[in-house]
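Participant: based on what follows, work out the 3D shape:
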Amino acid sequence: MVHSLEGLSVMGIDPGLTRCGLSVVQAGRGRAIYPIAVGVVRTPAESPLTERLLRLSKAATEWMDEYRPDVVAIERIFERSNVSTVMHTAHAVGVLVLAAAERNIPVQMYTPSEVKKAISGNGRADKKQMTSMITRILGLSEPPKPADAADALALAVCHCWRAPMLAREAQLVQKIGDNPAAAAAQKWKEALR
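Facilitator: Numbering: from 1, shown residues only. Predicted structure coming up:
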């Protein structure tokens, strides 16, 4: 049986080397979500990569130590045309995931389209639509800025809303156990996603 997620604390991270969005929300009853904190860590482009990564790591660990999230939701790296941007983002994701792992905080990754679909119902929603939806969902008096902050909140909200489904899937996988027919059916379902 899936237990209520009410009270679940989720840290959302929109990874980036120049700007990294950080947020913390708490799941309420039903689909209610309460914003706890949001911010952006910036690193100067002219600084060495090692210093920039250290700055991101320190900021993430400070947030994790202060807010003690139950889980971290982070954007999964997706293919972009600019290889340099992908590599910088991959470096950032590595130190951010490591910070969570060092604290035994589970990490769940979501693609941008999964987040957009969860928040707006449209996997192709633009930044303006997403910011508007997050502002409304969280009952904020003004839109979070910059977009990295709104994206971090969207990741956290996405996890709050998707976590029950993920828990049900995990229970199903556990139930399937050694049943070959059930395992084949589950693989088929995953392939259709």
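Participant: drop to CA atoms for contacts and neighbour counts, all remaining ones
Facilitator: OK.
Participant: hmm, S120 is touching S132, no?
Facilitator: No. Counting by C-alpha atoms under 8 Å, S120 stays clear of S132, with 9.4 Å between them.
Participant: quick one: the strands in this structure?
Facilitator: 9-14, 19-27, 33-42, 71-75, 107-110 (DSSP state E).
Participant: take those strands and write them to CSV, including distance to T85, mean pLDDT and mean neighbour count.
Facilitator: Formatted as CSV, those follow (distance: least, C-alpha to C-alpha, whole Å; pLDDT from 0 to 100; neighbours: other C-alpha atoms under 10 Å):
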stretch, distance to T85, mean pLDDT, mean neighbour count
strand 9-14, 14, 98, 29
strand 19-27, 12, 97, 25
strand 33-42, 15, 97, 18
strand 71-75, 14, 97, 25
strand 107-110, 18, 96, 18
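Participant: TSV for the ones you listed, including distance to K58?
Facilitator: Listed next are the strands of the chain as TSV, based on distance: least, C-alpha to C-alpha, whole Å:
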stretch	distance to K58
strand 9-14	14
strand 19-27	12
strand 33-42	10
strand 71-75	16
strand 107-110	18
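Participant: low-confidence ranges, this protein, go.
Facilitator: 1-4, 79-81, 167, 170-171, 173, 175-193 (pLDDT under 70).
Participant: now with 80?
Facilitator: 1-4, 78-82, 84, 164-193 (pLDDT under 80).
Participant: if I look at the residue nearest to C160 when sequence neighbours are not counted, how far off is A154?
Facilitator: Spatial nearest neighbour of C160, excluding adjacent residues (C-alpha to C-alpha, 6 or more residues apart in numbering): A27 at 6.1 Å. Plainly put, A27 is 13 Å away from A154 if you go by C-alpha to C-alpha, to the nearest Å.
Participant: for T111, same thing?
Facilitator: Look at T111 and A154: by C-alpha to C-alpha, they are 12 Å apart.
Participant: and those two? Which one has more around it.
Facilitator: More crowded of T111 and A154, by other C-alpha atoms under 10 Å: A154, with 32 against 14.
Participant: could you verify my assumption that the more buried one touches M11?
Facilitator: No. Using C-alpha under 8 Å, A154 makes no contact with M11, being 10.4 Å away.
Participant: how about the residue nearest in space to the middle of the chain, what does it touch?
Facilitator: Note on the chain: the residue nearest the mean C-alpha position is A73, at 2.6 Å, using C-alpha atoms, centre = their mean. Contact analysis of A73 by C-alpha atoms under 8 Å, 6 or more residues apart in numbering lists 10-13, 107-110, 155-156, 159.
Participant: noted, bye for now.
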